[in-house]
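> Okay, here's the prediction I keep looking at, along with the sequence it came from:
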Amino acid sequence: MKTKKDNVKATKDLAQLIGDGPMLGLIVTALSVLVIGLFGCGGGGNSPGSTVAVQISPSSTTLAPGGAKTFAATVTGTSDTAVTWACDAGNVDQAGDYFAPTLVGTYTVTATSVANTHVKATAIVTVSQTDSVVVTISPVSQTTSIGGQIQFAATVTGSSNTAVTWSTTLGQISSNGLFTAPNAASTCIVTAKSVASPTSTASATVNVVGSNVQITPQSASIGTNQSVQFSATVSNQTNQAVTWSTTGGTISASGLYHAGETAGTYMVKATSVADPTISAVVQVTVNAISVAVTPNPVTIVTGQTQQFNAKVTGAVSGGVSWATTAGTISASGLLTAPSTAQTITVTATSTIDPTKAGTSTVTVLAPSTFFYDFNNGVPGVWTPTTNETTPSGVKFLGRINGTNSAQLVLDNLTTHSSLTVTFDLFVIGNWAGISGSNTLGVSIGGTNAFSQSFSDIKDDNQSYPDGGSYAPGNGSTGENTLGYTSDPAILYNDTTYHITCTATHTASSVTVIFTGNLTGTVSQMAWGLKNVKIVANP
């Protein structure tokens with residue numbers, strides 16, 4: 001471009017060609033004005049005045065190489081709100097959907113008013129490798145009616161934190177991406193922003209038109225192979241018919257959705273028959289059904305009952321059917337164990353999906369039973385371990401006199417509610433019964449289970465068997481059978497009684513104590529035990 005200095009020089013050169021003369025000054029002046037007018041007005045002029053304005057949203061964004069972003073333009077000051085889109089790198093379509101180049105850098109996206117091409121707006125796009133988190137949104141664009149709903153989903157890659165926050169320029173959107181359109185026709189931009197990397201976003205465009213489709217329920221959570229009924233209404237339309245479609249499972253023409261075998265999140269869509277450009281989408285969460293049985297495992301004894309419970313997850317209905325490989329089980333899960341020891345399986349099967357079941361392993365034990373006849377001595381679980389033989393040749397634990405005791409300690413009992421102790425009691429010598437307070441007592445785990453007096457002497461009654469007053473030897477299973485003698489002679493030298501007593505007990509160990517109350521020497525009066533049996537009752 002020529003400068004004013006160049007123009008002045010040109011004027012002087014022209015004057016030299018003309019030469020000196022009276023008109024020189026006038027000519028020079030006129031030519032200067034002409035040259036300056038021709039060459040001195042450089043640059044562009046202003047366009048005709050206008051109130052048209054363009055705004056672009058978002059005005060800036062950061063994308064990963066190859067990332068996508070939807071831009072929106074708003075035109076004011078003219079009835080023609082159309083724009084043309086352009087970019088200096090990457091690609092942008094005329095809907096404003098921009099796809100970034102693969103090279104990092106800073107680029108621009110421009111929206112130019114069709115009504116006034118001098119008016120435009122520009123957004124800055126930064127393509128950067130520094131943030132590998134990429135957000136994608138689905139669907140990218142959608143049309144719905146006023147008040148309509150669309151379920152959006154966002155996928156985050158490049159971070160273990162896949163959470164996003166949702167926002168919209170108009171209408172409302174829930175924390176799980178359920179968009180509700182505003183009550184007026186408009187264009188809305190829905191954005192999902194990565195929680196892990198707030199600069200990573202993705203957007204979708206929603207065109208809101210006059211009619212809308214609404215689906216009820218607005219979401220559903222069911223198990224595999226379960227069903228849910230959907231219904232749809234179309235506003236501002238006489239024809240209420242819709243066509244149904246789904247991304248997973250099946251849905252009938254009447255809106256009955258049936259989930260398949262695969263758990264996941266699926267979309268159900270209702271599209272207006274009268275106006276196929278409007279539709280609504282809701283989300284269906286299909287959960288894997290599982291059944292858990294408690295308690296598991298469990299150990300019980302033969303004939304015992306055990307209540308089982310089943311928890312069904314993932315299904316709307318939690319019903320189960322019960323079965324057992326042995327014993328019986330009720331519809332409510334109450335097992336009655338079989339009469340023999342074994343391992344059995346209790347099964348609860350989902351009534352919604354019979355392919356899903358839970359089990360419990362049940363170990364059925366015979367009740368703990370201990371027996372001691374003392375024929376081969378007294379085991380170490382007893383104190384004392386005194387082992388005698390009667391004159392008739394019967395081995396037993398004893399003889400014990402005075403206020404001494406015999407004690408039995410047992411561990412690892414099966415589950416039980418009580419213990420029963422049976423034994424043969426040898427009453428030897430001149431026991432005086434009630435008058436002499438000659439008694440034998442039994443304590444089971446600290447509980448007094450038995451205490452009665454016994455008599456071998458004529459006219460000295462005893463309290464056995466029930467605490468009353470009875471003749472000597474009443475209720476015995478034998479008199480003078482053990483071969484003992486007495487001096488002076490008494491009614492019975494020895495008597496034998498078969499005794500049973502029971503006490504409530506649940507602990508896994510027990511101490512059983514047999515205690516006498518005698519006053520004479522061991523040769524005068526004593527006692528002994530034979531055939532002792534302890535049973536842990538279920």
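Noted; the coordinates are in hand. Numbers count the residues shown, from 1 in each chain.

> Across the sheet, point out what pairs with the residue nearest the centre of the chain.
Averaging the C-alpha coordinates of the chain gives a centre point, and the residue nearest to it by C-alpha atoms, centre = their mean is residue 313 (8.0 Å). Here residue 313 shows beta-bridge partners residue 290, assigned using DSSP bridges.

> measure it to residue 52 for me?
Taken as C-beta to C-beta, to the nearest Å, the spacing of residue 313 relative to residue 52 amounts to 60 Å. Heads up, the C-betas are built off the backbone N, CA and C, glycines and all.

> now swap in residue 187 and tell me
19 Å.

> Break the chain into its domains for me.
Following automatic domain parsing, one finds the domains of the chain at 4-33, 53-127, 134-286, 290-365, 369-537.

> thought the residue nearest to the centre of the chain was touching residue 350?
No. The pair residue 313 and residue 350 fails to qualify as a contact (C-beta atoms under 8 Å) at a distance of 10.0 Å.

> picking up where we left off before, need the domains of the chain in CSV (columns: mean pLDDT).
Converted to CSV, those look like this (pLDDT from 0 to 100):
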stretch, mean pLDDT
domain 4-33, 43
domain 53-127, 94
domain 134-286, 92
domain 290-365, 93
domain 369-537, 96
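
> Relative to the host helix or strand of residue 191, what are the paired strands and their orientations?
Element membership for residue 191 (DSSP states H and E) is strand 186-194. When pairing is defined by DSSP bridges, strand 186-194 lines up against strand 164-168 (antiparallel), strand 201-209 (antiparallel).

> thinking again about what came up before, give me the common contacts of residue 313 and residue 350.
Residues touching both residue 313 and residue 350 (C-beta atoms under 8 Å, 6 or more residues apart in numbering) are residue 289.

> before we move on, the earlier item: point out the most buried one among the strands paired with strand 186-194.
Each of the strands paired with strand 186-194 was given a mean neighbour count from mean count of other C-beta atoms under 10 Å, and the largest, a mean of 22, is that of strand 201-209.

> can you list the residues that contact the following helix or strand past that strand?
For strand 201-209, the succeeding helix or strand toward the C-terminus, using DSSP H and E, is strand 213-216. Around strand 213-216, the neighbours that count as contacts under C-beta under 8 Å, 6+ apart are 144-145, 147-149, 230-235, 242, 268, 270-272, 278-282.

> Which strands border strand 213-216, and is each parallel or antiparallel?
Partners of strand 213-216 in the sheet, by DSSP bridges, are strand 231-234 (antiparallel).

> tell me which residues in the strand it pairs with are buried?
Within strand 231-234, the residues scored as buried using 16 or more other C-beta atoms under 10 Å are 232, 234.

> Give me the residues contacting that strand.
211-216, 240-242, 244, 255, 270, 272, 274-275, 278, 280.

> Quick one, which of these are buried?
Members of the contacts of strand 231-234 classed as buried by 16+ other C-beta under 10 Å are 211-215, 242, 244, 255, 270, 272, 275, 278, 280.

> Which of those residues sits closest to residue 495?
Using C-beta to C-beta, residue 255 is the member of the buried ones among the contacts of strand 231-234 that lies nearest residue 495, at 88.5 Å.

> For the residue nearest to that closest one when sequence neighbours are not counted, give me its contacts.
Nearest residue to residue 255 in three dimensions, chain neighbours excluded: residue 230, at 4.1 Å (C-beta to C-beta, 6 or more residues apart in numbering). Residues near residue 230 by C-beta under 8 Å, 6+ apart: 215, 216, 217, 220, 244, 251, 255, 256, 257, 268, 270, 282.
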